[in-house]
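Chemist: Pasting the sequence and the predicted model now:
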Amino acid sequence: QQQVKQSPQSLIVQKGGIPIINCAYENTAFDYFPWYQQFPGKGPALLIAIRPDVSEKKEGRFTISFNKSAKQFSLHIMDSQPGDSATYFCAASLSGSARQLTFGSGTQLTVLP
Amino acid sequence: GAVVSQHPSWVICKSGTSVKIECRSLDFQATTMFWYRQFPKQSLMLMATSNEGSKATYEQGVEKDKFLINHASLTLSTLTVTSAHPEDSSFYICSARVQGGYGYTFGSGTRLTVV
């Protein structure tokens, strides 16, 4: 019930394309859903996050779509660039300061020039 | 923004020796620090949760005597890999919950290679 399932495992798009990464969760008590970007040899960096009372959130070229009834959320990257090539992780957590993140399995994105 | 500074970035040690990894919260007080382990092309796996001034809580399957965690202050948590072996080679990352919000900030990670 603590799992977050992420797909696809890898994704290749052309520059300017719109990669979409999907995640699904089971635990309806999750109340925070962030997306992280990780470059090789670096720690994850927060891209954007959403709470379940909102269906969509946009920050720059990154958009989260959230479907509470389906228990799914997705990341869209508009006008993707080669510099966006990285591994992306979705995650979810319960409320409370000591609640840890549960991560998806990751998606390796390659944006071709 | 909230920053967690992690050191060292990489370390190579001989089998049987111990290695200490430090994580410091630079501009906020981290009452809770999370320690993760990440193998190549895999996700982050939570090893333990440390709370300032108390014993860490380890995830199932993580040897608490091998991975010693100390969280003696609100700005410093350390992970010591004791009697390291080649199978302990991995990428270790710390994280802290940002006070007053829902966000989590991560350290830059430590690449441990045991030879």
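Modeler: Great, that's in hand. Numbers count the residues shown, from 1 in each chain, chains lettered A, B, ... in the order given.

Chemist: And for the residue in chain A positioned nearest to chain B, the neighbour number?
Modeler: Proximity of chain A to chain B (Cβ to the nearest Cβ) peaks at A:G43, 3.9 Å away. Backbone N, C-alpha and C define where each C-beta goes, glycine included. A:G43 is flanked by 23 other residues according to other Cβ atoms under 10 Å in any protein chain shown.

Chemist: so what's it closest to, chain neighbours aside?
Modeler: B:F106 (3.9 Å; Cβ to Cβ, 6 or more residues apart in numbering or on different chains).

Chemist: Closest residue of chain B to chain A?
Modeler: B:F106 (3.9 Å).

Chemist: Near that residue, how many other residues are there?
Modeler: For B:F106, the neighbour count with other Cβ under 10 Å is 24.

Chemist: ok, it - contacts?
Modeler: A:36, A:43-45, B:4, B:93-95 (Cβ atoms under 8 Å, 6 or more residues apart in numbering or on different chains).

Chemist: backbone phi and psi for the residue nearest to A:G43, please?
Modeler: phi -110, psi 150 (degrees, to the nearest 10).

Chemist: what's the pLDDT at it?
Modeler: Listed pLDDT for B:F106 reads 94.

Chemist: partners of it in the sheet?
Modeler: In this entry, B:F106 is beta-bridged to B:S95, by DSSP bridges.

Chemist: what's the answer for the one 5 residues further on, then?
Modeler: Partner residues in beta bridges with B:R111, using DSSP bridges, are B:W10, B:F91.

Chemist: Just confirm it contacts B:V11, I think it does.
Modeler: Yes - with contact defined as Cβ atoms under 8 Å, B:R111 and B:V11 form a contacting pair (7.4 Å).
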